[in-house]
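Trainee: Quick one, what's the 3D model for this:
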Amino acid sequence: MPITDPMKKALAQKRRLYVKICRECGVRNSPSAVKCRKCRSKNLRWKKREIIK
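Mentor: Numbers count the residues shown, from 1 in each chain. Now for the predicted structure:
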């Protein structure tokens, strides 16, 4: 069931796609994270994303 409301779609994309991933353990972290919540590593990257319009 696709989302047709543009505001809801933008909110869902932001929630699902804008996260940081730990390069050591692979866990998802919040966008504001500096260290990994699981292993405390500072080796974080942004999740790769391609926004579908």
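
Trainee: Pull the distance from the least confident helix or strand in the chain by mean pLDDT to the chain's centre.
Mentor: Sorting the helices and strands of the chain by mean pLDDT, DSSP states H and E puts helix 6-17 at the bottom, at a mean of 90. Between the mean C-alpha location of helix 6-17 and the chain-wide mean there is a distance of 11 Å, by Cα atoms, centre = their mean, to the nearest Å.

Trainee: got the CA positions of it in PDB?
Mentor: What follows is helix 6-17, C-alpha atoms only, in PDB (Å, rounded to 0.1, in the frame of the first residue of the first chain):
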ATOM      1  CA  PRO A   6       3.500  13.900   0.500                       C
ATOM      2  CA  MET A   7       4.000  15.100   4.100                       C
ATOM      3  CA  LYS A   8       3.700  11.500   5.400                       C
ATOM      4  CA  LYS A   9       6.000  10.200   2.700                       C
ATOM      5  CA  ALA A  10       8.700  12.800   3.500                       C
ATOM      6  CA  LEU A  11       8.500  12.000   7.200                       C
ATOM      7  CA  ALA A  12       8.800   8.300   6.600                       C
ATOM      8  CA  GLN A  13      11.800   8.700   4.300                       C
ATOM      9  CA  LYS A  14      13.500  10.900   6.900                       C
ATOM     10  CA  ARG A  15      12.900   8.400   9.600                       C
ATOM     11  CA  ARG A  16      14.000   5.400   7.600                       C
ATOM     12  CA  LEU A  17      16.900   6.800   5.500                       C
END
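
Trainee: burial measure for residue 22, as a count.
Mentor: 21 (other Cβ atoms under 10 Å). Just so you know, the C-beta spots here come from the backbone N, C-alpha and C atoms, and that holds for glycine as well.

Trainee: who's in contact with it?
Mentor: 29, 36, 38-39, 41, 43-44 (Cβ atoms under 8 Å, 6 or more residues apart in numbering).

Trainee: Leaving out chain neighbours, which residue sits closest to it?
Mentor: Closest residue in space to residue 22, ignoring its immediate chain neighbours: residue 36 at 4.1 Å, by Cβ to Cβ, 6 or more residues apart in numbering.
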